[in-house]
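Asker: Sequence below, structure please.
(one chain, ligands or ions: 1)
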Amino acid sequence: MTVDHSSPYDSKRFDFPIHRAECSSLAEADSAVALAEASGAQLLILRFPAQHRAFGWWLGELPCRWVFADTLVYYKRLIEGTLELPVVEGYRQRLAVPSDAPAVEELMLELFADYASHYRWNPRTDNAGRVAEGYGEWARRSVEGGQSFTFLLESSEGEIVAAATTEVQGDVGVMPLAGVSSRHGRRGLYRWVMDGTHNQFFKSGQRYQEISTQVHNLLVQKVWSRCGMVMHRANQTVHIDLRKNLEPGPP
Ligand SMILES: CC(C)(COP(=O)(O)OP(=O)(O)OC[C@H]1O[C@@H](n2cnc3c(N)ncnc32)[C@H](O)[C@@H]1OP(=O)(O)O)[C@@H](O)C(=O)NCCC(=O)NCCS
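Answerer: Got it, this is the predicted structure:
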């Protein structure tokens, strides 16, 4: 299935037209490139299944520059009941209300300040501050929009120290953005975020909990594995530069 669309948030953030597409066949990838070119996009952020070997050859045949931008790994677990939570003294859990949006945005700016997401692999979008802002804004929209819950941990002083935004896709509860402030790290709070979010998905009727990250982000995958989550899917990301007549060398 191709999901090909212009990306207004990315385009505004990096100040040039950007398209995104997720493809499972070469024909879909060809049409995503054609559509992005016809719309005047300068960059197509393309995802395809990691097991699809023919994409390697397809990329080599492209008449334009492209940047490999890492592998996204997806973990999930079955939701069968309520888990006992690893409660840590001095913290409590709650769900976000719209007025928490600025504090959640601030937390995400901290969590993603150095995160080597796919944008950081392309010299043209490698701007740590803007990338982090993007994740912060995404979290704020999610809390304000309230389509699905945002799970929070706060300290006894009322500071939001951990958060997980969520989306529901059929019977799957997805966690797009999650993390714990480093000032409150190494106390097992991340496990609480994972299991607390699991329990909330159970209450709202989801059958699976899913989360994803870049393959090199090993710390979170350690916790997911300990939670009994299993990697079930991997996608490659490439940035295809659609500008014409580029000089060789970095942009
Ligand atoms: C990584 C992270 C989840 C850890 O949260 P936490 O609440 O400190 O986690 P825990 O206390 O459960 O610790 C989990 C493991 O990570 C280790 N750890 C935590 N912070 C660490 C750090 N800064 N450096 C090295 N190890 C660290 C812990 O020691 C523990 O390992 P161990 O049990 O083998 O000793 C947190 O720092 C974070 O949110 N980071 C950003 C999240 C992110 O990358 N999001 C993007 C994908 S969604």
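Asker: drop to CA atoms for contacts and neighbour counts, all remaining ones
Answerer: Will do.
Asker: Any idea how many residues pack against the nearest residue to residue 127 once chain neighbours are set aside?
Answerer: The shortest distance from residue 127 to any non-neighbouring residue, by CA to CA, 6 or more residues apart in numbering, is to residue 120 (6.8 Å). Residue 120: 17 surrounding residues under other CA atoms under 10 Å.
Asker: List the backbone torsions phi and psi for residue 120.
Answerer: Note on residue 120: its backbone torsions stand at phi -70, psi -10 [degrees, to the nearest 10].
Asker: ok, it - contacts?
Answerer: By CA atoms under 8 Å, 6 or more residues apart in numbering, residue 120 lies in contact with 126-128, 131.
Asker: Likewise for residue 10?
Answerer: Residues near residue 10 by CA under 8 Å, 6+ apart: 17-18, 134.
Asker: I'd assumed it was in a helix, is it?
Answerer: Yes: the assignment for residue 10 by DSSP: H, G, I helix; E, B strand; the rest coil puts it in a helix.
Asker: how close does it get to residue 134?
Answerer: 8 Å (CA to CA, to the nearest Å).
Asker: which residue packs closest to residue 199, ignoring adjacent ones?
Answerer: In space, residue 199 is closest to residue 82, 5.3 Å off (CA to CA, 6+ apart).
Asker: Around the ligand, which positions in the protein sit nearby?
Answerer: 111, 177-180, 182, 185-191, 213, 219-220, 223 (CA under 6 Å from any ligand atom).
Asker: Derive a ChimeraX selection command for the buried subset of those residues.
Answerer: In ChimeraX, this line selects whichever of those come out buried by 16 or more other CA atoms under 10 Å:
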select :111,177,178,179,180,189,190,191,213,220
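Asker: all strands for the stretch 151-251 of the chain, in order.
Answerer: For the stretch 151-251 of the chain, strands defined by DSSP state E, counting those that start in this stretch occupy the ranges 160-165, 167-169, 172-175, 178-180, 208-214, 230-241.
Asker: okay, those strands in a markdown table with mean pLDDT next?
Answerer: Supplementary listing: these in a markdown table, determined by pLDDT from 0 to 100:
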| stretch | mean pLDDT |
| --- | --- |
| strand 160-165 | 98 |
| strand 167-169 | 96 |
| strand 172-175 | 98 |
| strand 178-180 | 98 |
| strand 208-214 | 98 |
| strand 230-241 | 97 |
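Asker: can you redo those strands as JSON lines with distance to residue 150?
Answerer: Below are the strands of the stretch 151-251 of the chain laid out as JSON lines (distance: least, CA to CA, whole Å):
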{"stretch": "strand 160-165", "distance to residue 150": "4"}
{"stretch": "strand 167-169", "distance to residue 150": "9"}
{"stretch": "strand 172-175", "distance to residue 150": "9"}
{"stretch": "strand 178-180", "distance to residue 150": "10"}
{"stretch": "strand 208-214", "distance to residue 150": "14"}
{"stretch": "strand 230-241", "distance to residue 150": "23"}
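Asker: which ones are touching the residue nearest to residue 199?
Answerer: Counting by CA under 8 Å, 6+ apart, residue 82 has contacts 198-199, 202.
Asker: Quick one, grab the pLDDT at it.
Answerer: Looking at residue 82, its pLDDT reads 98.
Asker: Identify the nearest residue to residue 170 in space, disregarding sequence-adjacent positions?
Answerer: residue 206 is the one closest to residue 170 (CA to CA, 6+ apart), at 7.8 Å.
Asker: Which phi and psi values does that neighbour adopt?
Answerer: Residue 206 adopts backbone torsions of phi -80, psi 150, taken as degrees, to the nearest 10.
Asker: Surely it is in contact with residue 171?
Answerer: Yes: in this structure, residue 206 is within contact of residue 171 by CA atoms under 8 Å, at 4.7 Å.
Asker: So between those two, which is more surrounded?
Answerer: Neighbour tally, residue 206 and residue 171, criterion other CA under 10 Å: the higher count belongs to residue 206, 21 against 13.
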